[in-house]
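> coords please:
(one chain, ligands or ions: 3)
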Amino acid sequence: MFKLISGKAIAQKRQENLRLEVENLNANGVTPSLRVVLVGNSGPSEIYVRNKARRAKELGLDFNLIRFDETVSEKELIEFIDSLNHDKTVDAILVQLPLPQHINEEKVVQTVSPNKDVDGFSPINFGYLWQNNPNIIPSTAGGIMTLLEESDITTTAKHVVIVGRSNIVGRPLGALMLNSDATVTMAHSKTKDLKSITKQADILISAVGKAHFITADMVKKGATVIDVGMNRDENDRLVGDVDFDDVSSVAGAMTPVPGGVGPMTILTLMEQTIEIAKKRV
Ligand SMILES: NC(=O)C1=CN([C@@H]2O[C@H](COP(=O)(O)OP(=O)(O)OC[C@H]3O[C@@H](n4cnc5c(N)ncnc54)[C@H](OP(=O)(O)O)[C@@H]3O)[C@@H](O)[C@H]2O)C=CC1
Ligand SMILES: Nc1nc(=O)c2c([nH]1)NC[C@@H]1CN(c3ccc(C(=O)N[C@@H](CCC(=O)O)C(=O)O)cc3)C=[N+]21
Ligand SMILES: [Mg+2]
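Ligands and ions are numbered 1, 2, ... in the order given. Here you go, the predicted structure:
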């Protein structure tokens, strides 16, 4: 038995409730507002921005994308973020990553006020998460937890293997899985004999950024496989990290790309923007 997990369908279903919450806030004179800062351009960031703008519009959020040229100075960027921190009409701030080489990413992330840090990347929110006392959490990791919940896939006592340890995906997901009583293994580019580790996973999550990276020989029969990757293949098609046709013959459940984790990331971002805005009522 094989189950295709549609993040798209789950996100659509939950968005209906969100719309009602926004109506409720509107009745109280509050329109949740989100500001997205994008420096230069990268493929995955452009997809993210486009889809966020669409969902925000459907929900009636006050959404604004602020683009900076790749050559913007660190100082100018930080001053701009600080102006958003002080703007009372702004609930939530998201700075798209990665940033260009000449800009210190840590410094920029630390500039975002923890109260408006809808990505959950600020050290305060990251710390809360790792103390099992989460406040605002990173959207992709949060979206994956919702996706599993909605698919009745439990995490307690499961062996969860996460490939990738970035601050955006792998690390926060490791914390959430640990908080949810999974036994967690985090693998990365220095991991020895990766296949022997991924083969142990009841739930395997790939956040590497390489097309066809996960193949059937790396997956235990019946395992759940979650594909975070956003890559272009040889034919310039959008694909994940998982070799879908190969792995679907052994996995028990799997997310597609597109239509898997991506829509859940956006849903979670919208949910958290609305949560922050509720504090204004
Ligand atoms: N769908 C969504 O909502 C989202 C999708 N993405 C996509 O997910 C992918 C990962 O993103 P992100 O976490 O930002 O990427 P990063 O490049 O920051 O991290 C990649 C991770 O993969 C590890 N890695 C690289 N090569 C190997 C290897 N051969 N074996 C094992 N591990 C390896 C790296 O290890 P090391 O740390 O040792 O370098 C690193 O930890 C990208 O395709 C991105 O576009 C990202 C965010 C959201
Ligand atoms: N601060 C920050 N936070 C992030 O969460 C972040 C980031 N920077 N930088 C870029 C990556 C990438 N990312 C995506 C989110 C959703 C889709 C998405 O909507 N995917 C659709 C694509 C469908 C399509 O339009 O083709 C899907 O998978 O179905 C893609 C990529 C978030 N990231
Ligand atoms: Mg940099």
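
> correct me, but L176 touches S139?
No. Using CB atoms under 8 Å, L176 is not in contact with S139, being 11.6 Å away. Placement of C-beta: from N, CA and C, glycine included.

> which residues of the stretch 1-150 of the chain score low on pLDDT?
Under the criterion pLDDT under 70, no range of the stretch 1-150 of the chain is flagged.

> mind checking which helix or strand whatever residue of it ends up closest to ligand 1 is in?
Residue nearest to ligand 1 within the stretch 1-150 of the chain (CB to the nearest ligand atom): P44, separated by 3.7 Å. Following DSSP states H and E, one finds P44 within helix 43-59.

> okay but E105 is in contact with Q96, surely?
No. Between E105 and Q96 there is no contact under CB under 8 Å: 11.1 Å.

> neighbour-wise, which of these two wins?
Using other CB atoms under 10 Å, the more surrounded residue of E105 and Q96 is Q96, with 21 against 16.

> that one and I47 touch, don't they?
No. Q96 lies out of contact with I47 (CB under 8 Å); the separation is 11.0 Å.

> so which residues of the stretch 151-281 of the chain form helices?
Using DSSP state H, counting those that start in this stretch, the helices of the stretch 151-281 of the chain run over residues 170-179, 194-198, 244-247, 261-278.

> tell me the domain boundaries of this structure?
In the assignment given by automatic domain parsing, the structural domains of the chain cover 31-115, 139-262.

> out of the ones you listed, which is closest to K279?
Closest to K279 of those is domain 31-115 (CB to CB; 8.2 Å).

> off-centre distance for that closest one?
Between the centre of domain 31-115 and the centre of its host chain there is 15 Å, according to CA atoms, centre = their mean, to the nearest Å.

> what does stretch 148-156 give?
Between the centre of stretch 148-156 and the centre of its chain there are 17 Å (CA atoms, centre = their mean).

> of L176 and S139, who's got more company?
For L176 against S139, the residue with the higher neighbour count under other CB under 10 Å is S139, and the figures read 27 against 23.

> how near is whichever residue of the stretch 151-281 of the chain sits closest to ligand 2 to P256?
Distances from the stretch 151-281 of the chain to ligand 2, computed as CB to the nearest ligand atom, single out G262 as the nearest residue at 2.3 Å. Applying CB to CB, to the nearest Å, one obtains 10 Å for the distance of G262 from P256.

> same question, S189
From S189 across to P256, the span is 25 Å (CB to CB).

> neighbour count for the two, which is higher?
Neighbour totals were compared for S189 and P256, and P256 leads with 19 against 9 (other CB under 10 Å).

> distance of the more buried one from ligand 1?
11 Å (CB to the nearest ligand atom, to the nearest Å).

> hmm, back to that, how about the residue of the stretch 1-150 of the chain closest to ligand 1: what's its closest non-neighbour residue?
Closest residue in space to P44, ignoring its immediate chain neighbours: M230 at 4.4 Å, by CB to CB, 6 or more residues apart in numbering.
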